[in-house]
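Trainee: have a look; sequence and predicted model below, questions after that.
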Amino acid sequence: MARLLADENMPSDVVAALRSDGHDVAWIREVAPAADDNAVLARASAEDRLLLTLDKDFGELAFRLGSVAAPGIILLRPRLRSPGHLIKFTRAVLARDRGWRGHFAVAEEGRLRILPLPPG
């Protein structure tokens, strides 16, 4: 099971489902509400957690601005944002277990792009 840091934008239903699946999930909304994106990345790195987000800004932070990157980042881009669909989508992405460490992944319906993160 994965050690995850769920961004603040991750719905509570998704966090609960991942926890019930046995993942170790820290959730920004619980541990550092309103933290800015750099603080979220720093926390993911400090706690050695894969960042799970719906926020495209993390790609810019990691690649263009050279911010400290988390051990890995998965950007979820589902077609639908209903809680049930998002739970199913997130579970399917994590089940692929692509060796997320050191990578930025963009998960879309039927497509997964994985890029190495720049050294931090």
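Mentor: Everything's here; your move.
Trainee: and the strands in the chain?
Mentor: Under the criterion DSSP state E, the chain contains strands at 3-6, 24-27, 50-53, 73-77, 103-108, 111-116.
Trainee: quickly run through the sheet partners of the third one, with directions.
Mentor: Which is strand 50-53. As defined by DSSP bridges, the strand partners of strand 50-53 come to strand 3-6 (parallel), strand 73-77 (parallel).
Trainee: buried residues in the first one?
Mentor: Put plainly, it is strand 3-6. Using 16 or more other CB atoms under 10 Å as the test for burial, strand 3-6 gives 4-6. Yep, even glycine has a C-beta here, placed from its N, CA and C like the rest.
Trainee: try the last one
Mentor: Of the residues in strand 73-77, those scored as buried under the neighbour-count criterion (16+ other CB under 10 Å) are 73-76.
Trainee: among the strands of the chain, which is nearest D37?
Mentor: Evaluated with CB to CB, those place strand 50-53 nearest to D37, the distance being 8.9 Å.
Trainee: sorry, back to before: and the buried residues of strand 73-77, which two are the farthest apart?
Mentor: Largest separation among those by CB to CB: I73 and L76, giving 10.4 Å.
Trainee: ok, back up a step: a markdown table for the strands of the chain, including mean pLDDT?
Mentor: Formatted as a markdown table, those follow (pLDDT from 0 to 100):
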| stretch | mean pLDDT |
| --- | --- |
| strand 3-6 | 97 |
| strand 24-27 | 98 |
| strand 50-53 | 96 |
| strand 73-77 | 95 |
| strand 103-108 | 93 |
| strand 111-116 | 92 |
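Trainee: possible to save the ones you listed as TSV with distance to N38?
Mentor: Shown next, in TSV, are those (distance: least, CB to CB, whole Å):
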stretch	distance to N38
strand 3-6	14
strand 24-27	17
strand 50-53	12
strand 73-77	13
strand 103-108	16
strand 111-116	20
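Trainee: find the nearest non-adjacent residue to A2, please.
Mentor: Leaving aside its chain neighbours, A2 sits nearest to H23 (5.1 Å; criterion: CB to CB, 6 or more residues apart in numbering).
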